[in-house]
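*Asks:* coordinates for the following, if possible.
(chains A and B)
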Amino acid sequence: MTSAEVHSLVGAYALDAVDDLERAAFERHMAGCAACRNELDELRETAARMADSTWSVPPPGLRTEVMAAIGRTRQLPPADLGGQGAGDRPSRWRRYTVAAAAAVVLAAGTGATVYAIQDQRVRDQSAIATAARQYEARTRDILSAPDVVFRTSPMRGGGKVTVASSASRDAGVVLLGADVAPAGDRAFQLWAIRGNTPTTAGVLAAGEASAVRIVDGLPGSDGLGVTLEPAGGSATPTQPLVAQVPLV
Amino acid sequence: MTEYGAARRPDHLSAVPAPPADVGELLRATARGDEAAFARLYDLVAPRVYGLIRRVLRDPAQAEEVAQEVLVEVWRTAARYDPARGSATAWVFTIAHRRAVDRVRAEQASADRTMKVGVASVETPYDEVVDEVSGRLERQQVRHCMDDLTELQRQAVTLAYYQGHSYREVADLLGTPLPTVKTRMRDGLIRLRDCLGVEVTA
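*Replies:* So this is what the prediction gives:
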């Protein structure tokens, strides 16, 4: 393979879609090309972001097993050549450390160029994406809290509401999925119920049938209620409740 | 080891932290043998590590096994993480994806993958919640940017990443010439990178 042919594998390599021979050829090629490494780093970072959408609650026993296993697993030192992390040879990591300063200079230039040619549409999407990522990260943090408790109740008219509540995060995540969307001028509203007092915990968009919402302070409540209200929400809940999830 | 480890990673090279906790900090503490830091790191990354592996392998039991290997590997090789080359989160998922793909290839070699996939439909009660969450969050961001790719770019990238296919298999599946598939994987990722605003060492 020519150098250009090898380099054209960068996308496939970042996606782990090459065979062993190609992998070796590509890694040799990269060792002598700082710009290639930077492209690879960015594409690999991008590929890894695709894991954002693969969130899945691990089996309950996994944490215990992993914690037990690390207790009997010796760690590799930073510059040891004796072992190998999946996908990355120690020799490479060490070489990159040496080359890091040069790579940073190159990266700064590349990043600036990339930004200069981005059109407004992409910039807008990035801003939306960043906000979504922060909300998503917080959602994941609550859902993966060690003390998270899941409770589900059916919705009147079909569908269900699941509440994941974590005392340690002092917040809950409400996952609402109605089989039937409200009319265009109506909206679902969430209520944190303490004793007999409901406090609004957010209003969905008019006509919205499903949503994932973070509710701060939810673990102090006795339950979560859902009502159907005029678009924009109401000050007090309109009876009857569409769903009620007890939290105690 | 601690001082050496700190000295070779200047602060200005630190990867962008993922809110709300900093995976990079936890990984550095893990490299110093801090089991409590690793436990926190576990809580932050395990759902995505398990989810990714499960998505590629489709078999919950195998996914659990591989996820355990990956997470122990993260503990074992934490000191090898180099922030100049990307975020700590990406480093973890790179290991996870590679291990998942290795397992797929090994399975193919033993030709029983189809059977395993057939058995995979047994769901745990957790999965109900999981599918709800991932189904909706998915639409928010990566999916959002994915919509911006051409059909061929999207197919090439997702068949490789989420299903563990090699680019040759992807070319076969799509009936597209090999060089085209290679190119679409590369320019598809570049477009995704720009949409997500991914930068390394910025």
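
*Asks:* switch to C-alpha atoms for all contacts and neighbour counts from now on
*Replies:* OK.

*Asks:* where do the helices of chain B begin and end?
*Replies:* In chain B, the helices defined using DSSP state H lie at B:2-7, B:23-31, B:35-57, B:60-77, B:88-109, B:113-119, B:125-140, B:142-146, B:151-161, B:167-174, B:178-196.

*Asks:* need the three-state assignment for the one residue sitting closest to the centre of chain A.
*Replies:* With distances taken as CA atoms, centre = their mean, the residue of chain A nearest its centroid is A:Asp52 (4.1 Å). Of the three states, A:Asp52 takes helix according to DSSP: H, G, I helix; E, B strand; the rest coil.

*Asks:* so it makes contact with B:Pro47?
*Replies:* No. With contact defined as CA atoms under 8 Å, A:Asp52 does not reach B:Pro47; the gap is 9.7 Å.

*Asks:* overlap in contacts, those two.
*Replies:* Shared contacts of A:Asp52 and B:Pro47, defined by CA atoms under 8 Å, 6 or more residues apart in numbering or on different chains, are absent.

*Asks:* what sits against B:Arg186?
*Replies:* Applying CA under 8 Å, 6+ apart, the residues near B:Arg186 are A:Ser8, A:Leu9, A:Val10, A:Gly11, A:Ala12.

*Asks:* go with 10 Å
*Replies:* Neighbour list for B:Arg186: A:8-15, A:39-40, A:43, B:153, B:156-157, B:180, B:192 [criterion: CA atoms under 10 Å, 6 or more residues apart in numbering or on different chains].

*Asks:* before we move on, back to that, nearest to A:Ala48, out of the helices of chain B?
*Replies:* helix B:88-109 (5.1 Å; CA to CA).

*Asks:* quick one: A:Met50 and B:Thr158 touch, right?
*Replies:* Yes. A:Met50 lies in contact with B:Thr158 (CA atoms under 10 Å); the separation is 8.8 Å.

*Asks:* sec struct for A:Val245, please.
*Replies:* strand.

*Asks:* okay, now it: neighbour count?
*Replies:* Around A:Val245 there are 21 other residues, counting by other CA atoms under 10 Å in any protein chain shown.

*Asks:* which ones are touching the residue positioned nearest the centre of chain B?
*Replies:* The C-alpha lying nearest the average C-alpha coordinate of chain B belongs to B:Phe93 (CA atoms, centre = their mean; 3.3 Å). Contacts for B:Phe93 (CA under 10 Å, 6+ apart) come out as A:44-45, A:47-52, B:45, B:48-49, B:52-53, B:70, B:74, B:99.

*Asks:* make it 8 Å
*Replies:* A:Ala48, A:Ala51, B:Val49.

*Asks:* next one: it from A:Gln189, what distance?
*Replies:* 37 Å (CA to CA, to the nearest Å).

*Asks:* repeat that for A:Gly220.
*Replies:* 19 Å.

*Asks:* one more: B:Val70?
*Replies:* According to CA to CA, B:Val70 and A:Gln189 sit 42 Å apart.

*Asks:* same question for A:Pro198.
*Replies:* Counting by CA to CA - A:Pro198 and A:Gln189 are separated by 11 Å.

*Asks:* more neighbours: which of those two?
*Replies:* A direct count of neighbours by other CA under 10 Å for A:Pro198 and A:Gln189 places A:Gln189 higher, at 26 against 19.

*Asks:* can you verify the more buried one is assigned to a helix?
*Replies:* No. With three-state DSSP as the criterion, A:Gln189 is assigned strand and is not in a helix.
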